[in-house]
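Asker: Okay, here's the prediction I keep looking at, along with the sequence it came from:
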Amino acid sequence: MKVNSKFVFALLLVSIFACKSQQEFSQDRQDIKTDTPEVKDEEVPTRPLPDSPVLLQPLSFEMPEIPREFRGVWIATVVNIDWPESGTDSWSKQKEDFLALLDHYKNLNFNAVIVQVRAAGDAFYPSRYAPWSRYLTGKEGLAPQTSENPLTWMIKAAHDRGLEFHAWLNPYRATFDDKTETLSQEHDFFQHPDWMLKYGTKYYYNPGLPEVKEKLLAVIKELVDGYDIDAIHFDDYFYPYKVQNQRFTDQKTFEKYKKPGQSIEDWRRENVNSLIQAIHQTVKTSKPWVQFGISPFGVWRNQDRDPRGSPTRAGQTNYDDLYADPLTWMQNGWIDYLIPQLYWSMDYELASYRKLNDWWAANSYQTNVYIGNGPYKIRDNADIAWDNPKEINNQVQYTRTLMEIQGNAFFSAKSLFSKNQDVANLLKQELYDSPTLPPAFEPTEPVLIETPQVLQVEANRDWTKVSLEKPLDPAIRYAMVQGADELNTLAEAEIHTVWVGGQRARALEVSSLNTNYLAIRWIDHFGRIVQTQVFQTPKKIKP
């Protein structure tokens, strides 16, 4: 009988500051082969493991690669859209609410959360460069009433559930409204008033100022250096969306910094491009395995403005209105992934989800592209297509037909949590019926990672203990365990992930799956499977 208990693990930590081996990672060592002969299924016991521990026997069996798919969800914190429910809630309640979101999406077999940690010149973590967010503590600049670092805790909670943590920031938005009396004196609005431009009802950092760029790079470096995040993530807010009859007042900055003959539109795009390039360099210099991803507005340019554009009639576009050029970022390798926000129905006349999927697939420039979906529109939009609870499933199914696109992300967390439970259930039943890993990516330069070497695996009906030859390389992030009673079904068995990132574990203990076969795979911080080994329960065991 298979036991589906929740994985619990105990890591035995040794040699925290031990020297890292310089053994080079080799892709052809993903699967261990031993001299142990294969055992036919009919020779393997069909009863559970005994009370007394037994040694599992290594098998010479090659596991296939796992199909990858990004399954992410945005957790928006600005004006408490998704979390926390209120900045005045206690930290203990905020933790409970965050765990409820994580558990919900883990149950739906998602594998990544994109959490907004800087909403508008503020921070959800102790920062040298920004005040505490009022969306976390009720008052900007007021620290939370806890000794825990909220961001450290959130990252660990996500990793413990096998979820990637993408730290989401808004680079240029300084305030969410014009109520500046609610801002902390530590906010850049007061510290650097010359950086601010008012447009509509918000204040923005002036993207043309070199000082603004340097400040944003410092914010990014603080995050990457200080936290075990999987990615830095920007959304679609670069230069602001156009406000009718208003002008973005950066003319003086343009006159000061423009190149000879340069238009203000090209100058603005260059400002954004320069920031993206510099952030990529900052991230990769600090931690090459941390990804940099962006989720731009869904339309690059309309075809009537540029023959390379999409067959759409969007009112505003990345290139012409937000001065953001995702194609340039992908062409130059400045980002690791792109998630265009395609929050329209399949055949929406002005911007069809179907046609835009096709367009982005044809313009991916060998960059990982995922699609942003908008379940918040279900039963809440003038487009009647959103009255159909299967609209999201139809969209994801279509995306899966395009080999250039590797997954989806959903805005936002509450829309498939406290709302639209039927849509969430349909998604799990029809498309996300089993867990999978997000896409891996390759480092731009060779990386030295020591391959884990398993000494032995022993187990009884309650626990399985994996003993290693040496402490794990800190670059190993997950142990992935699968169990099955038939060897030919092992690769399709349920995935259990155990976080071991950076802890130099020498042994790993997990709940036993009580199956005839056990596969253990080690995954590095680039998402690659570094090592795989298959074990079997011995043929003759004492009851």
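Answerer: Now that the structure is in, tell me what you want to look at.
Asker: so what's Leu169 closest to, chain neighbours aside?
Answerer: Leaving aside its chain neighbours, Leu169 sits nearest to Arg118 (4.1 Å; criterion: CB to CB, 6 or more residues apart in numbering). Using the backbone N, CA and C atoms, a C-beta is placed for each residue, glycine as well.
Asker: the strands in the stretch 401-543 of the chain, which residues?
Answerer: In the stretch 401-543 of the chain, the segments counted as strands under DSSP state E, counting those that start in this stretch are 405-410, 454-459, 463-468, 476-484, 496-499, 505-511, 517-524, 529-536.
Asker: And the helices in the stretch 151-300 of the chain, which stretches?
Answerer: For the stretch 151-300 of the chain, the helices defined by DSSP state H, counting those that start in this stretch cover 188-191, 210-226, 251-257, 264-286.
Asker: Adding distance to Glu450, mean neighbour count and mean pLDDT, write the ones you listed out as TSV.
Answerer: What follows is the helices of the stretch 151-300 of the chain, written out as TSV (distance: least, CB to CB, whole Å; neighbours: other CB atoms under 10 Å; pLDDT from 0 to 100):
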stretch	distance to Glu450	mean neighbour count	mean pLDDT
helix 188-191	43	17	98
helix 210-226	23	18	98
helix 251-257	48	13	98
helix 264-286	21	18	98
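Asker: Nearest to Trp360 among these would be which one?
Answerer: For Trp360, the closest of the helices of the stretch 151-300 of the chain is helix 264-286, at 17.8 Å, according to CB to CB.
Asker: okay, the helices of the stretch 151-300 of the chain in JSON lines with distance to Gly138 next?
Answerer: Shown next, in JSON lines, are the helices of the stretch 151-300 of the chain (distance: least, CB to CB, whole Å):
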{"stretch": "helix 188-191", "distance to Gly138": "19"}
{"stretch": "helix 210-226", "distance to Gly138": "23"}
{"stretch": "helix 251-257", "distance to Gly138": "35"}
{"stretch": "helix 264-286", "distance to Gly138": "31"}
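Asker: got any ranges where the stretch 1-150 of the chain has weak pLDDT?
Answerer: 1-47 (pLDDT under 70).
Asker: go with 80
Answerer: Scanning the stretch 1-150 of the chain for pLDDT under 80 picks out 1-48.
Asker: just checking, Pro435 touches Glu492?
Answerer: No - using CB atoms under 8 Å, Pro435 is not in contact with Glu492; the gap is 11.2 Å.
Asker: ok, the two, which is more surrounded?
Answerer: Set Pro435 next to Glu492 and count neighbours by other CB atoms under 10 Å: Pro435 wins out with 18 against 12.
Asker: Can you check the pLDDT for the more buried one?
Answerer: You'll see Pro435 listed with a pLDDT of 94.
Asker: same question, Pro260
Answerer: For Pro260, the pLDDT comes out at 97.
Asker: Any idea how many residues pack against it?
Answerer: Quick note: Pro260 (other CB under 10 Å) scores 4 neighbours.
Asker: The closest residue to Glu469 other than its chain neighbours: neighbour count?
Answerer: Take Glu469 and drop its neighbours on the chain: the residue closest to it by CB to CB, 6+ apart is Gln453, 4.0 Å away. Gln453 has 11 neighbours, counted by other CB under 10 Å.
Asker: so who does the closest residue to Gln406 other than its chain neighbours touch?
Answerer: Closest residue to Gln406 apart from its sequence neighbours, by CB to CB, 6+ apart: Pro439 at 4.9 Å. Shown in contact with Pro439 (CB atoms under 8 Å, 6 or more residues apart in numbering): 68-70, 337, 368, 406-407, 527.
Asker: Nearest to Lys287 among these?
Answerer: For these, the nearest to Lys287 is Gly527 (13.9 Å; CB to CB).
Asker: Do I have it right that the closest one meets Leu437?
Answerer: Yes - using CB under 8 Å, Gly527 is in contact with Leu437, at 6.7 Å.
Asker: what residues do the two have in common as contacts?
Answerer: With CB under 8 Å, 6+ apart as the test, Gly527 and Leu437 both reach Arg68.
Asker: the more surrounded of the two?
Answerer: More crowded of Gly527 and Leu437, by other CB under 10 Å: Leu437, with 24 against 19.
Asker: hmm, back to that, tabulate the strands of the stretch 401-543 of the chain (TSV), appending mean pLDDT.
Answerer: Formatted as TSV, the strands of the stretch 401-543 of the chain follow (pLDDT from 0 to 100):
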stretch	mean pLDDT
strand 405-410	98
strand 454-459	94
strand 463-468	96
strand 476-484	96
strand 496-499	92
strand 505-511	92
strand 517-524	96
strand 529-536	95
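Asker: okay if I get those strands as CSV plus distance to Thr146?
Answerer: Supplementary listing: the strands of the stretch 401-543 of the chain in CSV, determined by distance: least, CB to CB, whole Å:
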stretch, distance to Thr146
strand 405-410, 29
strand 454-459, 39
strand 463-468, 33
strand 476-484, 26
strand 496-499, 22
strand 505-511, 28
strand 517-524, 31
strand 529-536, 36
